[in-house]
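Trainee: Sequence first, then the predicted structure, then my questions.
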Amino acid sequence: MHCEYCGRNLETIVILNIPSKKYIGSYNTFACIDCSKNNDAYCLRHEIPHLGFIDGTTACRLCIEEKVECLGEKVANNYFCELLKYLPNNQLKELHERFEPVSKSLNESIEKSIFRSIITYAMRFKKSHEEVMENMIEHWELAILS
Ligand SMILES: [Zn+2]
Ligand SMILES: [Zn+2]
């Protein structure tokens, strides 16, 4: 196996969760550790590859969890209240249908599951979570469902 970026023979394989430019149709890219460290799909802080999404965006699973825990339940609950206040019923229903199974399987509140997906979306698109939230309540943009 060779690194898809520098072509060196791999000593340590890092499997990046981004579509391969070399093997069209593959959702992973094989890289050496040096090339991974220069890649947006690798977290330097946690030294792990990011999670990959179908549109090619990525985010670090541990960075997401850190942010969710650091901002905490209070922010998650506030955000949920705002969504209840500003979103039309059919969108609330959509949110509920999407996140109820998630919160059940993770054994956490639906507030926290929705909050995590706001944080995840923000990281994937390099926005602030405030901005993502604003788009949701002002423009009814449920991009986090995508
Ligand atoms: Zn390389
Ligand atoms: Zn990270």
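Mentor: Arrived safely, thanks for sending. Numbering: from 1, shown residues only. Ligands and ions are numbered 1, 2, ... in the order given.

Trainee: quick one: low-confidence ranges for the chain?
Mentor: Low-confidence segments of the chain, defined by pLDDT under 70: 146.

Trainee: give me that answer again for 90
Mentor: Scanning the chain for pLDDT under 90 picks out 1, 10-11, 25, 54-55, 138-146.

Trainee: so what are the domain limits for it?
Mentor: If you go by automatic domain parsing, the domain ranges for the chain are 14-59, 61-145.

Trainee: The shortest one spans what distance, first to last residue?
Mentor: Chord length of domain 14-59, first to last residue, is 16 Å (CA to CA, to the nearest Å).

Trainee: Pull the distance from the helix of greatest length in the chain to the chain's centre.
Mentor: Ordering each helix of the chain by length in residues (DSSP state H) puts helix 61-86 first. How far helix 61-86 lies from its chain's middle: 14 Å, per CA atoms, centre = their mean, to the nearest Å.

Trainee: roughly how far apart are the one residue sitting closest to the centre of the chain and residue 94?
Mentor: Geometric centre of the chain, nearest residue: residue 120, 3.2 Å, by CA atoms, centre = their mean. Per CB to CB, to the nearest Å, residue 120 is found 17 Å from residue 94. (C-beta placed from N, C-alpha, C; glycine too.)

Trainee: before we move on, what about residue 14?
Mentor: Plainly put, residue 14 is 37 Å away from residue 94 if you go by CB to CB.

Trainee: Residue 133 now?
Mentor: Distance, residue 133 to residue 94, by CB to CB: 17 Å.

Trainee: Comparing these two, which shows the higher neighbour count?
Mentor: Each of residue 133 and residue 94 has its neighbours counted (other CB atoms under 10 Å); residue 133 has more, 21 against 14.

Trainee: Cool, thanks, signing off.
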